[in-house]
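Engineer: Just to be clear, the model below is a prediction. Sequence and coordinates:
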Amino acid sequence: MKAFPLVLSAPSGGGKTTIANALVAARDDIGYSVSATTRPPRPGERDGTDYHFVSAAEFERRVQAGEFLECAEYGGARYGTLQAEVERVLASGRHVVLDIEIEGARAIRRRYPDAVLVFIVPPSAEELLQRLGGPDGTRAASLVSRLRRAVEELRVAPEYDYVVVNADRTEAVAEVAAILDAEGRRPRRNPELADVVAELGRDLGSLADRLQGRQGGV
Ligand code: 5GP
């Protein structure tokens, strides 16, 4: 089967990073595209695993060198998908998961028309608020802008191939895995399956011919 990009987008707090990590951990036919960003690492994040954390100057150098498939600004920082990351995973025969925002998703779709785009949504506004730390959470300063941005992003959801409601993490991961598996069975992604089907058609045709001959040409 031809490996393809799987793009996950969601409003901030939608849970797509957790889903992407769980998918990559659970399956050896999926790899992760590690983006570059100018934002500082959050506690627990590792350079080269979660992101390639780079300076603004280094990011710009990479833009000029044509290293990005796409890049976008989000919350005052720059983010970009490295072509080398995506190609490395696809060349190993694995699907590549991209955890990116909507403009990036559009760009990836243009570049890889066979990409599958999944939009992850929280089950309710209240639940999203809780996931963002509640009304008085530590990130309260950016809370309103995140919610406003979520409203904008949700408008774009119909452009995606699938929408998954992330009410339960395990179920959401299973749903995305099911989407991946179903997409993998499309004939256009499976030239070898087309050969099997063609051969079966030929075999059935000659079987019908033989039986018809035996029945005296009925
Ligand atoms: P965060 O700072 O919370 O990790 O990410 C902020 C937003 O940037 C998220 O919506 C995330 O999906 C998006 N993002 C991360 N990497 C990339 C990238 O390489 N390109 C684009 N366009 N968006 C990205």
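Structural biologist: Arrived safely. Given the structure is predicted, the values throughout are model-derived calculations rather than measurements. Numbering: from 1, shown residues only.

Engineer: Check which helix or strand residue 31 maps to.
Structural biologist: Using DSSP states H and E, residue 31 falls within strand 30-32.

Engineer: How far off centre is the lengthiest helix in the chain?
Structural biologist: Across the chain, the longest stretch assigned as helix under DSSP state H is helix 191-214. Computed by CA atoms, centre = their mean, to the nearest Å, the separation of helix 191-214 from the middle of its chain amounts to 38 Å.

Engineer: The strand holding residue 31: what's the following helix or strand?
Structural biologist: Next along from strand 30-32, by DSSP H and E: strand 36-37.

Engineer: Could you give the separation of the strand holding residue 31 from the chain centroid?
Structural biologist: 10 Å.

Engineer: which residues sit against it?
Structural biologist: Residues outside strand 30-32 that contact it (CB atoms under 8 Å, 6 or more residues apart in numbering) are 6, 20-21, 23-24, 88-89, 92, 94-97, 99, 180. Where C-beta positions appear, they are placed from N, C-alpha and C, glycine not excepted.

Engineer: and the ligand, which of the residues you listed reach it?
Structural biologist: Residues of the contacts of strand 30-32 in contact with the ligand (CB under 6 Å from any ligand atom): residue 99.

Engineer: Look up how far the ligand lies from residue 11.
Structural biologist: 8 Å (CB to the nearest ligand atom, to the nearest Å).

Engineer: Perfect, I'm done here.
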